[in-house]
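Participant: Have a look at this prediction, sequence included:
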Amino acid sequence: MPGATGDDAPFIVEAGPPGTRFSEIRRFSRLDSTNRYLLDVARRHPQPGLVAVAEHQSAGRGRLGRTWEAPLGANLLVSVLLLPSVPVEQLHLCNVAVSLAAADACKAAAGVDIALKWPNDLVVGERKLAGVLAETMPAADRSATAAPRVVVVGVGVNVRWPPPDDDPAWASVPADLRASATSLIRQAQRSVTSEEVLGHLLTALDPRVGALDDLSGRVQLAQEYRDRCSTVGRRVRVVLADAEVVGDALDVTPEGHLLVDVGACITTVTAGDVVHLRREG
Ligand code: BT5
């Protein structure tokens, strides 16, 4: 069914997996950012479980003003609109729920084992296969009493790009991503579609979104993240806004912060980029 909202590009409406809360998927061929789109929609009508998918994003968002790259039609670019009853200090669990579901989807659709790298990467070895970005509405756009709050979580999963080395499209991959990124087609060596990954992702996400709303569910999500987080137990370099620290990553707190033993003390890292250093010996 075709649809449109205001100035945005036209979209096709599809149903999500039966029995899940994701009853409406809006599929765009081109959009600036699926996260931006759902945040705008939420200002007018916060419809929990609404999903936006784009074949191409002209301004795909990463963290800290960075961009997310994907050529037209090659990868899964999807965002979901959530209205979780989560204490503000645990909002990072929305990111966790989507990360775990995306990892499960990569396994189910392509047989690829994924690890979670703190804070928001899905990796195979040290290569990034997907990135997750959770955003809330700016305070000015929220009513003071509005609860639960709108959270939009977007994930970019590299399905067919970066391509295998012998594919002519390899030339289109920026030099930094050649060294740091991977995709399902590179890891699985077999064909897999974004639609398959999306179906598995939404199916795996549905119970985890339910888990966000109660205490025991949140404890379970945090534990599952710690169990699958490849950063815990590693020697790491953490790049902060204005400094770097090197140490041993000990754990992730219930608030989603990384505890790093830097020798003289244990530092709590709330935001930053992590480099896994080589194991010694
Ligand atoms: C992220 O940011 O990893 C979050 C990415 C979220 C993208 C999704 S797509 C659907 C939804 N709508 C949006 O607008 N965004 C979300 P960050 O940790 O800041 O990583 C960004 C960095 O990853 C870039 O600066 C590049 O170095 C690298 N990068 C960009 N594209 C990549 C790709 N396809 N694969 C691997 N690395 C990539």
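Facilitator: Cool, the structure landed. Keep in mind that what you see is a predicted model, and the values were worked out from it rather than measured.
Participant: Just want the most central residue of the chain.
Facilitator: Residue closest to the average C-alpha location in the chain (C-alpha atoms, centre = their mean): residue 132, at 1.8 Å.
Participant: Can you report phi and psi for the nearest residue to residue 232 once chain neighbours are set aside?
Facilitator: Spatial nearest neighbour of residue 232, chain neighbours left out: residue 249 (5.5 Å); criterion: C-beta to C-beta, 6 or more residues apart in numbering. Heads up, the C-betas are built off the backbone N, CA and C, glycines and all. Per-residue torsions, residue 249: phi -80, psi 120 (degrees, to the nearest 10).
Participant: what's residue 249 in contact with, if anything?
Facilitator: Contacts for residue 249 (C-beta atoms under 8 Å, 6 or more residues apart in numbering) come out as 118, 231, 232, 233, 234, 235, 236, 258, 259, 260, 274.
Participant: Then residue 197?
Facilitator: Residue 197 touches 76, 105, 106, 109, 110, 157, 159, 184, counting by C-beta under 8 Å, 6+ apart.
Participant: What strand or helix carries it?
Facilitator: helix 194-212 (DSSP states H and E).
Participant: residues in the protein within reach of the ligand, list them.
Facilitator: 33-35, 57, 60-64, 66, 68-70, 77-79, 120, 128, 131-133, 154-156, 158, 176-177, 181 (C-beta under 6 Å from any ligand atom).
Participant: Among these, which lie within strands?
Facilitator: 57, 77, 78, 79, 128, 131, 132, 133, 154, 155, 156 (DSSP state E).
Participant: Dig out what the last one forms beta bridges with.
Facilitator: For residue 156, the beta-bridge assignment (DSSP bridges) gives partners residue 77, residue 131.
Participant: Next, the buried residues of stretch 35-48.
Facilitator: Within stretch 35-48, the residues that count as buried by 16 or more other C-beta atoms under 10 Å are 35, 36, 37, 38, 39, 40, 41, 42, 46, 48.
Participant: burial of the residue nearest to residue 268 when sequence neighbours are not counted, as a residue count?
Facilitator: The shortest distance from residue 268 to any non-neighbouring residue, by C-beta to C-beta, 6+ apart, is to residue 257 (4.9 Å). By other C-beta atoms under 10 Å, 18 other residues sit near residue 257.
Participant: ok, now residue 103?
Facilitator: Count around residue 103 with other C-beta under 10 Å applied: 24.
Participant: Quick check: it touching residue 122?
Facilitator: Yes. Residue 103 is in contact with residue 122 according to C-beta atoms under 8 Å; the separation is 5.7 Å.
Participant: Whatever residue of the stretch 151-281 of the chain ends up closest to the ligand and residue 236, how far apart?
Facilitator: In the stretch 151-281 of the chain, the residue that lies nearest the ligand is residue 154 (2.4 Å; C-beta to the nearest ligand atom). Using C-beta to C-beta, to the nearest Å, residue 154 is found at 25 Å from residue 236.
Participant: Which one's more surrounded, the two?
Facilitator: Between residue 154 and residue 236, counted using other C-beta under 10 Å, the more crowded position is residue 154 (28 against 24).
Participant: okay, residue 278: pLDDT?
Facilitator: According to the prediction, residue 278 has pLDDT 77.
Participant: Counting neighbours, what do you get for it?
Facilitator: 8.
Participant: now swap in residue 89 and tell me
Facilitator: Every residue meeting other C-beta under 10 Å relative to residue 89 is counted, giving 12.
Participant: and what of residue 215?
Facilitator: Neighbour count of residue 215, defined by other C-beta under 10 Å: 10.
Participant: Just want the residue of the stretch 51-200 of the chain that's nearest the ligand.
Facilitator: residue 131 (2.0 Å).
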